[in-house]
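*Asks:* Prediction below, plus the sequence it came from.
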Amino acid sequence: NAGVTQTPKFQVLKTGQSMTLQCAQDMNHEYMSWYRQDPGMGLRLIHYSVGAGITDQGEVPNGYNVSRSTTEDFPLRLLSAAPSQTSVYFCASSLSYNQPQHFGDGTRLSIL
Amino acid sequence: SQKIEQNSEALNIQEGKTATLTCNYTNYSPAYLQWYRQDPGRGPVFLLLIRENEKEKRKERLKVTFDTTLKQSLFHITASQPADSATYLCASLGGATNKLIFGTGTLLAVQP
């Protein structure tokens, strides 16, 4: 059972570079979301999707883009990385928005 | 704004005792609350969900209560063990939305 798979596990970027964090789930879940976790701030919702083709903003969407072309995949794009985006990023999925979330093990991103 | 808050101070208890963690919410009335466990370097793992019309829910050594008058949920671990040491997070939908928001988590340390 793969569950929610995030790649890469670690990444170091320079300011201004772009990259895509990958998230894939094999549970046929409709709801997927991205969080960032910073010390003392807890998990903050960046973007979420209630199904293929539908995305919406969370609490801290600025600087991030998402798309949901398939049920399985929900990539998160940083168009121009900034040091403030140094964080641990978690992807989660569930059957619907009011069901328990299944999390990946995160991507640790450092931006210099 | 809608807030969900947990005690940010670590909770240290002796093995065998009952650990009690608190989750408070303000400015909204969630239909349910979820509790998760997070180990270092891993994503959160779902433990329990309690609905507003349920006063108490149990799973093995875990018990969750939901007090809509006090706007509070309590999470209890009875007969605690060092293996229970982790960060525990509560979460709920942010008011009339489909965005799941998390508290900052409470670190529990069970001493042998």
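*Replies:* That came through, no problem.

*Asks:* just so I have it, where are all the strands in chain A?
*Replies:* Listed from the start of the chain, chain A has strands (DSSP state E) covering A:4-7, A:10-13, A:19-25, A:31-38, A:42-51, A:54-57, A:64-66, A:76-78, A:87-94, A:102-103, A:107-111.

*Asks:* Which of the ones you listed sits closest to residue B:12?
*Replies:* Nearest of the strands of chain A to residue B:12, taken as C-beta to C-beta: strand A:42-51 at 20.5 Å. No exception for glycine: its C-beta is placed from N, CA and C like everyone else's.

*Asks:* And that closest one, what's buried?
*Replies:* Applying a neighbour-count criterion of 16 or more other C-beta atoms under 10 Å in any protein chain shown, one finds A:42-50 buried in strand A:42-51.

*Asks:* Dump the strands of chain A into CSV; add distance to residue B:84 and mean pLDDT as well.
*Replies:* As requested, these are exported to CSV (distance: least, C-beta to C-beta, whole Å; pLDDT from 0 to 100):
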stretch, distance to residue B:84, mean pLDDT
strand A:4-7, 24, 97
strand A:10-13, 28, 96
strand A:19-25, 28, 97
strand A:31-38, 21, 96
strand A:42-51, 20, 93
strand A:54-57, 36, 95
strand A:64-66, 35, 97
strand A:76-78, 32, 97
strand A:87-94, 22, 97
strand A:102-103, 19, 97
strand A:107-111, 25, 97
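
*Asks:* Output those strands as JSON lines; include the columns distance to residue B:70.
*Replies:* JSON lines is the format used below for the strands of chain A (distance: least, C-beta to C-beta, whole Å):
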{"stretch": "strand A:4-7", "distance to residue B:70": "34"}
{"stretch": "strand A:10-13", "distance to residue B:70": "42"}
{"stretch": "strand A:19-25", "distance to residue B:70": "36"}
{"stretch": "strand A:31-38", "distance to residue B:70": "27"}
{"stretch": "strand A:42-51", "distance to residue B:70": "21"}
{"stretch": "strand A:54-57", "distance to residue B:70": "32"}
{"stretch": "strand A:64-66", "distance to residue B:70": "36"}
{"stretch": "strand A:76-78", "distance to residue B:70": "37"}
{"stretch": "strand A:87-94", "distance to residue B:70": "28"}
{"stretch": "strand A:102-103", "distance to residue B:70": "29"}
{"stretch": "strand A:107-111", "distance to residue B:70": "37"}
